[in-house]
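A.B. asks: model the structure of this input:
(one chain, ligands or ions: 1)
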Amino acid sequence: MARHGAGRGWYGKLVGAALGVTILATGASVWTAQAGPTSDAPPKAKAPATPATPGVVVKPVDVSIAHASDAGPQGINITIDDGPDPVWTPQVLAVLREYDVKATFCMVGTQAQAHPDLVKKVVAAGHRLCNHSVSHNTAMDKASQAYQKQQILDAEAMITKASGGVRPVYYRAPGGAFTPYSRTLAAGRGMRPLGWNVDTKDFERPGTVAIVATVERELPNGPTLLFHDAGGDRSQTVEALRTLLPRLKEQGHTYGYPVR
Ligand SMILES: [Zn+2]
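C.D. replies: As a prediction, this is how the structure comes out:
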């Protein structure tokens, strides 16, 4: 599904130019230590570069993969991946609103670009954005650094543009295919690498009961739960959230965001 893969054109050049500025601003030493022997060198800035989000100062964050919740020891992070999707994202948003739960949406760049209205709705409801790469290549940890950079920075730009200027503040590699390079790149752009503790396997459509049971069984693993709002029929996900959100609250849990 390399819908964005054929040539970078002006868009890639713009992002590349913005990256040059970032390198200068955040200090070249980290970058040169991570860049390795690829053709990944920053462009020799000739023309004035345009920041990805004009006027926004990007603060680097920790490069380690976050799992903890900012909602304390009983905190739970609901994370929703692979959207936005015109059928399922509105239903997930409705359930989250019904139970007054804030979540983190890990968006695929092309999906965000196709559905900017949904990205804006997610932001308006108080949820956080997470960069889930341009084309969801779960083998991107085996690809070149130049490819990883394009996947992360282009998705960042696509999501930020679709949201109307709100940046993703996490980066979750598709399938967890992080590399030290991709973590450093994302963290330098203010996107904390984001993992998960409980894979609900909702993607396999095991049934609502099974999704709920997986969460209850594996919650001792940690607070970050992985769900999906795209990639097929997600009605089981919506129903599982409808069961879980009030139940976990009754059990004393609170909902928050992953730490940054
Ligand atoms: Zn995914």
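A.B. asks: where along the protein do the helices fall?
C.D. replies: 9-26, 28-35, 88-98, 109-114, 116-124, 145-163, 180-188, 208-218, 235-250 (DSSP state H).
A.B. asks: which stretch in the ones you listed has the least confidence?
C.D. replies: In terms of mean pLDDT, the lowest-scoring of the helices of the chain is helix 28-35 (a mean of 31).
A.B. asks: sorry, back to before: which among the helices of the chain is found nearest to the ion?
C.D. replies: helix 109-114 (10.4 Å; C-beta to the ion). Any C-beta I mention is one placed from the backbone N, CA and C, and that applies to glycine too.
A.B. asks: that closest one - contacts with which helices or strands?
C.D. replies: Helices and strands touching helix 109-114, by 3 or more C-beta pairs under 8 Å, 6 or more residues apart in numbering; DSSP states H and E, are helix 145-163.
A.B. asks: okay, the helices of the chain in JSON lines with mean neighbour count and distance to the ion next?
C.D. replies: Converted to JSON lines, the helices of the chain look like this (neighbours: other C-beta atoms under 10 Å; distance: least, C-beta to the ion, whole Å):
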{"stretch": "helix 9-26", "mean neighbour count": "16", "distance to the ion": "22"}
{"stretch": "helix 28-35", "mean neighbour count": "14", "distance to the ion": "24"}
{"stretch": "helix 88-98", "mean neighbour count": "19", "distance to the ion": "14"}
{"stretch": "helix 109-114", "mean neighbour count": "23", "distance to the ion": "10"}
{"stretch": "helix 116-124", "mean neighbour count": "18", "distance to the ion": "16"}
{"stretch": "helix 145-163", "mean neighbour count": "23", "distance to the ion": "12"}
{"stretch": "helix 180-188", "mean neighbour count": "21", "distance to the ion": "15"}
{"stretch": "helix 208-218", "mean neighbour count": "17", "distance to the ion": "16"}
{"stretch": "helix 235-250", "mean neighbour count": "19", "distance to the ion": "13"}
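A.B. asks: tell me which of those sits nearest to residue 260.
C.D. replies: Closest to residue 260 of those is helix 180-188 (C-beta to C-beta; 9.8 Å).
A.B. asks: for the closest one, list the C-alpha coordinates in CSV.
C.D. replies: Taking Å, rounded to 0.1, in the frame of the first residue of the first chain, the C-alpha atoms of helix 180-188 are listed here in CSV:
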residue,chain,number,x,y,z
PRO,A,180,17.3,3.5,17.4
TYR,A,181,17.4,5.9,14.4
SER,A,182,13.6,6.3,14.1
ARG,A,183,13.2,6.8,17.8
THR,A,184,15.9,9.5,17.8
LEU,A,185,14.4,11.2,14.7
ALA,A,186,10.9,11.2,16.2
ALA,A,187,11.9,12.3,19.6
GLY,A,188,13.9,15.1,18.2
